[in-house]
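# how would this look folded up:
(one chain, ligands or ions: 2)
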Amino acid sequence: MKIAITGLSNSGKTTVFNALTGKDAQTSIYPSSMEEPHVGSVRVNDKRVETLSGMYKPKKTTYAAIVYTDFQGLTKGDAAHNRKVFEFIRDADAIVEVVRAFKDDAVVHPDNSIDPVRDASNLESELLLYDLELVEKRLGRMAEAAKRGKRPDEMEKKILEKCKETLYKEIPLRKTLFTAEEQKAMVHLQFISIKPKIIVINVSEEAIGNTQPLIEEIAARLHFDKNAVISLSGKIEMEIAQLPPGEAESFLKDMGIEQSALDKVVNKGYELLGLLTFLTVGEDEVRAWTITKGMTALEAAGKIHSDIERGFIRAEVVAYGDFIASGTMAGVKKSGLARLEGKNYIVADGDIINFRFNV
Ligand SMILES: Nc1nc2c(ncn2[C@@H]2O[C@H](COP(=O)(O)OP(=O)(O)OP(=O)(O)O)[C@@H](O)[C@H]2O)c(=O)[nH]1
Ligand SMILES: [Mg+2]
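Ligands and ions are numbered 1, 2, ... in the order given. Next up, the predicted model:
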């Protein structure tokens with residue numbers, strides 16, 4: 001999963017990036033002008049993988065991973081600059097949008113005052129404008145081609161018209177219902193406002209315990225899913241990310257932080273993207289795989305290798321809970337809790353799967 005971090009300049013994007021990745025990218029009070037985004041890959045903590053690895057003692061243990069990117073800030077009203085920023089994040093699966101609520105006179109705000117509701121609203125507008133520009137450019141090109149006698153792709157035209165209408169109403173595409181067929185036909189369009197978005201309010205450390213009113217306000221004013229708004233202190237979380245794991249936990253507790261930024265963002269990301277994890281086990285490797293809810297055993301097989309998908313025979317499936325209750329694979333099989341599933345089986349979170357295949 002790829003998550004792009006965006007936000008206005010000086011909102012704390014790089015600070016949050018460091019908090020999420022444990023990296024040490026330079027943060028500063030001056031707007032950055034990096035030409036290449038920061039990129040950091042982080043494993044997704046998963047107790048199940050840890051437990052299975054302890055039991056199998058495999059040569060290799062592989063966790064699911066999330067790749068975070070951090071780039072220049074967006075600028076209100078500067079479509080050309082924002083286009084450049086958006087080009088970099090077109091392939092992201094989700095967006096984490098950092099909104100500044102922390103006060104610090106040394107850190108200049110591009111609009112000269114701290115107003116997270118205003119900023120969140122401006123950022124959403126920039127996303128909408130970018131998509132609208134994209135739609136109009138495409139429709140314009142289609143009309144040109146039609147004049148030269150080229151028949152337009154009716155499906156795409158219909159989708160573009162639908163998007164245009166939505167965007168004109170200032171509704172982001174992520175809130176629009178598209179049929180499965182439409183979704184498939186629009187993947188290549190690479191809209192930005194269609195991506196699941198998590199708003200991260202970067203608050204002052206004194207405010208950590210009391211952010212619910214601000215979360216509610218932003219969600220209400222922007223008609224945004226309250227569940228996709230989280231708050232944290234970038235500065236503190238960045239410090240925590242540099243600590244050894246044991247110390248980090250007690251520090252979090254002392255600060256009254258229930259869940260680290262890392263876990264919050266990952267959990268929200270999985271939830272919003274509708275992701276789940278299935279597992280493969282063996283003496284060579286214990287591994288977590290990330291797929292989308294609703295995927296079949298055949299599609300899950302394809303995630304591992306196209307050969308396994310092509311030569312798919314059956315999936316041997318054991319629920320993680322059943323496996324742990326039995327203690328061994330032989331035990332699960334004896335108690336009849338191992339299932340043989342066909343290619344249309346819908347994979348469940350925590351399924352331990354052994355694919356039988358033949359190529
Ligand atoms: N007090 C306080 N300062 C913060 C916090 N988060 C970031 N800062 C400071 O704000 C300044 C900007 O932070 P960055 O993380 O560099 O911001 P950015 O959004 O990456 O900025 P650009 O890349 O220039 O757009 C730095 O001096 C940070 O130390 C916070 O939670 N509290
Ligand atoms: Mg930065």
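# longest helix anywhere in this structure?
helix 116-147 (DSSP state H).
# how about the helices in the stretch 201-350 of the chain?
212-222, 234-241, 245-255, 261-273, 297-304, 306-310, 320-326, 329-334 (DSSP state H, counting those that start in this stretch).
# quick check: closest non-adjacent residue to the residue in the chain that ligand 2 sits nearest to.
Nearest to ligand 2 in the chain, going by CB to the ion, is T14, at a distance of 3.2 Å. Glycine gets a C-beta too; all of them are placed from N, C-alpha and C. Distances taken as CB to CB, 6 or more residues apart in numbering place T27 nearest to T14, at 4.6 Å, with adjacent residues excluded.
# okay if I get the helices of the stretch 201-350 of the chain as TSV plus mean neighbour count, mean pLDDT and distance to ligand 2?
Formatted as TSV, these follow (neighbours: other CB atoms under 10 Å; pLDDT from 0 to 100; distance: least, CB to the ion, whole Å):
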stretch	mean neighbour count	mean pLDDT	distance to ligand 2
helix 212-222	14	95	22
helix 234-241	22	91	11
helix 245-255	12	85	23
helix 261-273	19	86	16
helix 297-304	20	94	33
helix 306-310	15	95	38
helix 320-326	17	94	39
helix 329-334	14	91	48
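# among those helices, which comes closest to D70?
helix 234-241 (11.7 Å; CB to CB).
# in PDB, list the C-alpha atoms belonging to stretch 314-331.
Provided in PDB are the C-alpha atoms of stretch 314-331 (Å, rounded to 0.1, in the frame of the first residue of the first chain):
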ATOM      1  CA  ARG A 314      -7.500 -25.600  -4.200                       C
ATOM      2  CA  ALA A 315      -6.800 -23.400  -1.200                       C
ATOM      3  CA  GLU A 316      -6.300 -25.100   2.100                       C
ATOM      4  CA  VAL A 317      -7.600 -22.600   4.600                       C
ATOM      5  CA  VAL A 318      -7.300 -22.400   8.400                       C
ATOM      6  CA  ALA A 319      -8.600 -19.400  10.400                       C
ATOM      7  CA  TYR A 320      -5.800 -17.900  12.500                       C
ATOM      8  CA  GLY A 321      -7.900 -18.300  15.700                       C
ATOM      9  CA  ASP A 322      -8.500 -22.000  15.000                       C
ATOM     10  CA  PHE A 323      -4.900 -22.600  14.400                       C
ATOM     11  CA  ILE A 324      -3.800 -20.900  17.600                       C
ATOM     12  CA  ALA A 325      -6.500 -22.800  19.500                       C
ATOM     13  CA  SER A 326      -5.200 -26.100  18.200                       C
ATOM     14  CA  GLY A 327      -1.500 -25.200  18.400                       C
ATOM     15  CA  THR A 328      -0.400 -27.200  15.400                       C
ATOM     16  CA  MET A 329      -1.400 -27.600  11.800                       C
ATOM     17  CA  ALA A 330      -1.800 -31.400  12.400                       C
ATOM     18  CA  GLY A 331      -4.100 -30.600  15.300                       C
END
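# about what we covered before: elements contacting the longest helix of the chain?
helix 79-89, strand 94-100, helix 154-168, strand 197-202, helix 212-222 (3 or more CB pairs under 8 Å, 6 or more residues apart in numbering; DSSP states H and E).
# so does it get close to ligand 1?
No - Helix 116-147 is not in contact with ligand 1 by CB under 6 Å from any ligand atom; minimum separation 11.5 Å.
# per-residue confidence averaged over that helix?
For helix 116-147, the mean pLDDT works out to 96.
# could you give the angle of that helix to helix 212-222?
30 degrees (axes from the mean of the first three to the mean of the last three CA atoms, to 10 degrees).
# hang on, S193 in a helix?
No - assigned with DSSP: H, G, I helix; E, B strand; the rest coil, S193 falls outside any helix and is coil.
# quickly note the distance from the closest residue to it other than its chain neighbours to M55.
Distances taken as CB to CB, 6+ apart place P172 nearest to S193, at 3.8 Å, with adjacent residues excluded. Using CB to CB, to the nearest Å, P172 is found at 45 Å from M55.
# so for the two, which residue has more residues nearby?
P172 (22 against 14; other CB atoms under 10 Å).
# contacts only, for that one.
E124, L127, L128, D131, S193, I194, K197 (CB atoms under 8 Å, 6 or more residues apart in numbering).
# next, format the residues you listed as a markdown table and append neighbour count.
Below are these laid out as a markdown table (neighbours: other CB atoms under 10 Å):
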| residue | neighbour count |
| --- | --- |
| E124 | 19 |
| L127 | 25 |
| L128 | 20 |
| D131 | 23 |
| S193 | 25 |
| I194 | 20 |
| K197 | 23 |
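# could you list the low-pLDDT ranges of the stretch 1-150 of the chain?
For the stretch 1-150 of the chain, no stretch has pLDDT under 70.
# flag every residue of it that's near ligand 2.
K13, T14, S32 (CB under 5 Å from the ion).
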